[in-house]
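# below: sequence and its predicted model.
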Amino acid sequence: MKCYVCDKKIRKSKAYLGDEGTPLEGKSLCEDCYSEDEPCATVIYSKEDTPYIISGARNETEGDFRVRWHSTDPWRGYYEASSQKYSLVNTAELLAYHESEKMLKNFDDKIRELFDEHEIEYARVFARSSNVFYQNYDLYVRKDQVLLAGLLATKVKREVDYDNPKWYRNIVFDETALQKLIELFPEKGIKTDYDAAKLVEELGDNALDELQRRLKENRGASNK
């Protein structure tokens, strides 16, 4: 038989199977492809410091969490986590060198302190993307504790000004480009950089043609 990843010939008795909850779940693999694959996500439980890795083939959470690849185009995408045992109470985008880093660090410190104080069992999941400057930070709690955890998360968000649109600007578009998109697509209610990125994704292959059309109309209206 052959390794699903590298096509190396392997004996059936020597084959490794991809762990449950990984992109390669149930696939026959050689030792190298099973052991040396880079992490798709890292899970850290409550007060623990130990990182539990979910790679393409290995799942050190023993099935607590699983990941799948979400493709945004043929070259880009991100890993998406899910769990049957835990409930998601918050998700955030961690952007290297972005002004939101300090706010999210403040949120993380405060919410962990409150969860520990109220004996809430939680897990933080950091999932990788194709962009080396971006990863997702999902906060999960045990399902029977989700109501209190949700209330505490809302409290901390108010304290750290979490929902201020300024944290979600200048991620993909700078301020000038964002203002232009707001002007050209008034019906979309664009307020943040994230809104603008969603619009581009929604338009897909038609994005360039639609943008050029609206720019032409805008210039024509200005010349009247």
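Sure, I can see it.
# and the strands in the protein?
Remark: strands assigned in the chain by DSSP state E are 16-17, 28-29, 39-45, 52-55, 66-71, 77-82, 86-95, 122-128, 134-142.
# can I get the fifth one as PDB, trimmed to CA atoms?
Extracted C-alpha coordinates of strand 66-71, given in PDB (Å, rounded to 0.1, in the frame of the first residue of the first chain):
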ATOM      1  CA  ARG A  66     -11.500  18.800  15.300                       C
ATOM      2  CA  VAL A  67     -10.400  21.000  12.400                       C
ATOM      3  CA  ARG A  68     -11.100  21.300   8.700                       C
ATOM      4  CA  TRP A  69      -9.700  23.400   5.900                       C
ATOM      5  CA  HIS A  70     -11.900  26.200   4.700                       C
ATOM      6  CA  SER A  71     -10.800  27.400   1.300                       C
END
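# so for the residue lying closest to K9 once chain neighbours are set aside, what's the pLDDT?
Nearest residue to K9, sequence neighbours excluded (Cβ to Cβ, 6 or more residues apart in numbering): K2, at 5.8 Å. The way it works is simple: take the backbone N, C-alpha and C, and place the C-beta from them, glycine included. For K2, the model assigns a pLDDT of 94.
# quick one: K2 from M103, how far?
Distance, K2 to M103, using Cβ to Cβ, to the nearest Å: 49 Å.
# looking at the two, which one has more neighbours?
Comparing K2 with M103 by neighbour count (other Cβ atoms under 10 Å), the higher total belongs to M103, at 17 against 13.
# ok, the more buried one touching K157?
No - the criterion here is Cβ atoms under 8 Å, and M103 misses it with K157 at 10.0 Å.
# which ones are touching the residue most central in space within the chain?
The chain has N136 as the residue nearest its centroid, 3.0 Å off, counting by Cα atoms, centre = their mean. When contacts are counted by Cβ atoms under 8 Å, 6 or more residues apart in numbering, N136 touches 78-81, 91-94, 125-127, 129.
# let's see it at 7 Å
Listed by Cβ atoms under 7 Å, 6 or more residues apart in numbering, the contact partners of N136 are 78, 91, 93, 127, 129.
# how far away is the third one from N136?
This means E93. 6 Å.
# what's the closest non-adjacent residue to R11?
Nearest to R11 is M1, by Cβ to Cβ, 6+ apart, at 7.6 Å.
# distance of the one you found from P23?
Counting by Cβ to Cβ - M1 and P23 are separated by 20 Å.
# domain ranges for the protein, per the record?
38-165, 175-223 (automatic domain parsing).
# most packed of those?
Burial of these is given as mean neighbour count (mean count of other Cβ atoms under 10 Å); domain 38-165 ranks first at a mean of 16.
# distance between it and the chain's centre?
8 Å (Cα atoms, centre = their mean, to the nearest Å).
# now do it, average pLDDT.
91.
# for it, measure first residue to last.
34 Å (Cα to Cα, to the nearest Å).
# same thing with stretch 119-136?
25 Å.
# what's across from the closest residue to S129 other than its chain neighbours in the sheet?
The spatial neighbour of S129 that comes closest, neighbours along the chain excluded (Cβ to Cβ, 6+ apart), is Y78 at 3.6 Å. Beta bridges link Y78 to H70, S129 when assigned by DSSP bridges.
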